[in-house]
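1. model the structure of this input:
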Amino acid sequence: MRERDLVGRAGRFVVEGEVTLRLLLGPRSRFRAESLLLAPERLPGLAGALRDCPAPVYVAEKPVMSAVTGFPIHRGVLAIGLRGEEPSPAAIVPAAPAPALVLALAGLTNHDNVGACFRNAAAFGADAVLLDATTCDPLYRKAIRVSAGAALVTPFARLEAETDWLTLAESLSLEAVALSPGAGEDLGEQPLPSRALLIMGTEGPGLEAGLLARARALRIPMAGDFDSLNVATAAGIVLHALAQAQGRLSPGANGAR
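-> This is a model prediction of the structure:
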């Protein structure tokens, strides 16, 4: 089973591990399972989650699972999910004047970074994630795993090629906030918007100069002369600040694990 054969053409994706399977089968999931493949020893611990599962559950020893899938199975838990129809950005972004927190990923081609950005978006209560045409698939097996299943429950939409972020932000009544080490405004220097589109670019090239000139460009103050953060780390810092400004954070909550 080659995962690239499932993505796009077949409208399916792979879920691996107990945490992500429970989310796929749970009430918050935006997708449904088509079938499950489990090692026998995993059945007792998943009995509750499987009780109302409408999808067929197949059981096989791990060597058989590895032979079927084409990669080593360590967790003994796999599922095939169905993608369904992807929503439009307008369908998942809260309408004005309600507060809105939307993460935008521009040109991110690393599945670890995309997964980590989704995990941050879920942790800080973002309403949606938008992806440009060049950002990799958040439903890739590794991206789902790194996201701790957040890609299964956080609404997301992919933009058509050549979509302009600032035009989109205006159409959704969002203020476009862009991150750049060279920005003239420090995060926390001025009040943050109640309806925000946080645009994150790929590491290295970053966001285009034209986009930064039209958006509200912010920088994260750092010690010394070091001006670089992993894109997911930077997204987490700014999402936390925006969520706090919008009153989205629960006092005393701790999602670390």
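2. which regions of the stretch 101-250 of the chain lie under the pLDDT threshold?
-> Across the stretch 101-250 of the chain, the ranges flagged by pLDDT under 70 are 227.
3. where along it do the strands fall?
-> In the stretch 101-250 of the chain, the strands defined using DSSP state E, counting those that start in this stretch lie at 128-131, 156-158, 175-179, 185-186, 195-201, 216-219.
4. can you tell which of those strands is closest to residue 97?
-> strand 195-201 (7.8 Å; C-beta to C-beta). Every C-beta, even on glycine, is put in place using the N, C-alpha and C of the backbone.
5. which helices and strands sit right next to the closest one?
-> strand 100-106, helix 165-171, strand 175-179, helix 231-245 (3 or more C-beta pairs under 8 Å, 6 or more residues apart in numbering; DSSP states H and E).
6. show me the contacts for the residue nearest the centre of the chain.
-> Nearest to the mean C-alpha position of the chain, counting by C-alpha atoms, centre = their mean, stands residue 118 at 2.4 Å. By C-beta atoms under 8 Å, 6 or more residues apart in numbering, the contact list for residue 118 reads 129, 138, 143, 147, 150, 151, 154, 156.
7. could you dump these into CSV with distance to residue 187 and neighbour count added?
-> Listed next are those as CSV, based on distance: C-beta to C-beta, whole Å; neighbours: other C-beta atoms under 10 Å:
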residue, distance to residue 187, neighbour count
129, 20, 27
138, 25, 25
143, 26, 23
147, 24, 27
150, 23, 25
151, 26, 30
154, 23, 24
156, 24, 24
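8. now, these that are in helices?
-> Counting by DSSP state H, the contacts of residue 118 place 143, 150, 151 in helices.
9. can you list those residues in TSV and add distance to residue 64?
-> Below are the ones in helices among the contacts of residue 118 laid out as TSV (distance: C-beta to C-beta, whole Å):
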residue	distance to residue 64
143	26
150	30
151	28
